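# Fold the stuff below for me.
(one chain, ligands or ions: 1)
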Amino acid sequence: MKTITVFKGDGIGPEITDAVIDILKAANAPLDYEFFNVGAAEYERHGALIPEEAFHSFEKTHLLLKSPITTPIGKGFRSLNVTLRNKYDLYANIRPAKSNSAIKTPFPNVDLVTFRENTEDLYIGVEYKMNDDTVHAIKLITRKASERIIHAAFKYALSHGRHKVTCVHKANILKMSDGFFLDIFRNIAKEYPQIESDDKIVDNTCMQLVMHPENFDIIVTPNLYGDILSDLTSGLIGGLGLLPSMNIGKDFAMFEAVHGSAPDIAGKHIANPTALLWSACMLLEYIGENNTAAAIRSAVDTVLAENKMLTPDLGGTATTEQYRDAVIACL
Ligand code: NAI
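Have a look, this model is predicted:
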C-alpha cells in the first residue's frame, strides 16, 4: 500500500476528484489517501491557499494527485501551481496526447508527448513596472534547467520506444535565451544517436501540429511554449477533458489534469474526469502498479467506445457520476 496526498482543488476539482477516487477504489488500487481542500475556496475559509498540513503530507508521501486550482487574475496571487512546481523542484512537466479511436476528431493519428520545462522562463513571474507606461517581464533560461528537461525527454524516448525528439523555440527572435536552449539541445542530442532530433520555431510548430500532427513524437520546450502547445495538443485529441500530465523532479511527483478549474461548469456535475483519471493512471504506472492502471485505461476505452455515457464536452449528456459508474461497471 502506498499513501498519496490528494488536493481537491477549486471549481470542478472536488467533483472530478470524488469520481476518480471512487474509480481507483473500485479498481482496488493499492493506495491510501490523505485529502486536503486547497485553493481559492480554502483561502476564503482559512486565509491560506494551501494549509500547512497539506504541504507536510506531500513531503511525507512524495506523491500528489492534484485537482485544478483557481488563480485569481491580477490580484497579486502567485499561481499555486507555479509555487508547487518550484517548491518541490518538479522540473519536468510531461503531457502525453494520444488520439482515441472512439473520439471522432479530424486528427486520428496523434501520439505525442510534450516535455515542458517547469521551473523557469517567463513563469518565474518577475515583472517590473518601469514607469506608468512600461512594464518589463524577465525570461529566465539556465543551463541546469535546460539540460535536465532535455535529458529527461531523450531518456523517455529511449525507455518508451520513441524515435524522435523535437526542440520547440523562438531562437530566431530570442537569440540569447531561446538560442541558448537550442544550443544545449543540439549538444545533448549528440549523446543519443539512436534518437532522431530536430527543431522547430514555435509558430511553425502550431501550424505543423494542426496540419501534420503525426510527424511529432516527443516535443521538448521551455515553459511558456510548453503550456500553450500542450493545450493545442489537447484540442487535437478531443479537448482538455482528455489531457493528463505528471510533474516530476528528483524527489517528488505530482499528477494533475492539464485543464483548469473550469468555473463555467463548476457544480453542474458535467465535468469530464478522464484527464484526472488518466493522471492517476500515470501515478499508478510511476509506482509500478501497471496492471491496475491498464485495467482502468481499458475500462475507460470501453466506455468511450460504447459512446453512450459521454460527458457533454465529448458530445454526450452523461453526468460526471454517470460516467464514473459506467467506468466502474466495466472494471
Ligand atoms: P479551464 O481549463 O478551466 O477551462 C477552459 C475550458 O475548458 C472551459 O470552457 C471549461 O469548461 C472546459 N473544461 C476544462 N476542463 C474540463 C473538463 N474536465 N470537462 C469538461 N470541460 C472542461 O481554463 P480557464 O477557464 O482559462 O481557467 C480557469 C481557472 O483555472 C483559472 O483560475 C486558471 O488560473 C486555473 N487553471 C488552473 C490549472 C491547474 O490548476 N493546473 C491549469 C489551468 C488553469
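
# residue boundaries of the strands in the protein?
2-7, 31-36, 63-66, 92-98, 111-117, 127-131, 134-137, 164-169, 196-201, 218-221, 244-248, 253-257 (DSSP state E).

# So which elements touch the third one?
Just to be clear, that refers to strand 63-66. Judged by 3 or more C-beta pairs under 8 Å, 6 or more residues apart in numbering; DSSP states H and E, strand 63-66 is in contact with strand 2-7, strand 253-257, helix 274-286. Every residue, glycine included, has its C-beta placed from N, CA and C.

# Please identify the deepest-packed of these.
Highest mean neighbour count among the helices and strands packed on strand 63-66 (mean count of other C-beta atoms under 10 Å): strand 253-257, with a mean of 26.

# Asn291 and Ala29: what is the separation?
Distance, Asn291 to Ala29, using C-beta to C-beta, to the nearest Å: 10 Å.

# Equivalent analysis for Ala329, please.
Using C-beta to C-beta, Ala329 is found at 17 Å from Ala29.

# next one: Ser159
When Ser159 is compared with Ala29 (using C-beta to C-beta), they lie 23 Å apart.

# Name the residue in these two with the higher neighbour count.
Counted by other C-beta atoms under 10 Å, Ser159 and Ala29 do not tie: Ala29 has more neighbours, with 24 against 8.

# Give me the neighbour count for His62.
16.

# List, one by one, the residues from the stretch 1-150 of the chain near the ligand.
When proximity is defined by C-beta under 6 Å from any ligand atom, the stretch 1-150 of the chain lies next to the ligand at 12, 68-71, 81.

# Nearest to Gly249, out of those residues: which one, please.
Asn81 (14.2 Å; C-beta to C-beta).

# Excluding chain neighbours, what is closest to the closest one?
With sequence-adjacent residues excluded and distances taken as C-beta to C-beta, 6 or more residues apart in numbering, Asn81 is closest to Ile69, at 6.4 Å.

# what's the residue closest to the geometric middle of the chain?
What sits nearest the mean C-alpha location of the chain, by C-alpha atoms, centre = their mean, is Ser245, with 2.9 Å.

# which ones are touching that residue?
Listed by C-beta atoms under 8 Å, 6 or more residues apart in numbering, the contact set of Ser245 reads 93-96, 230, 255-258, 279, 282.

# List just the nearest of those residues to the ligand.
Among the contacts of Ser245, Glu256 lies closest to the ligand (C-beta to the nearest ligand atom), at 5.3 Å.
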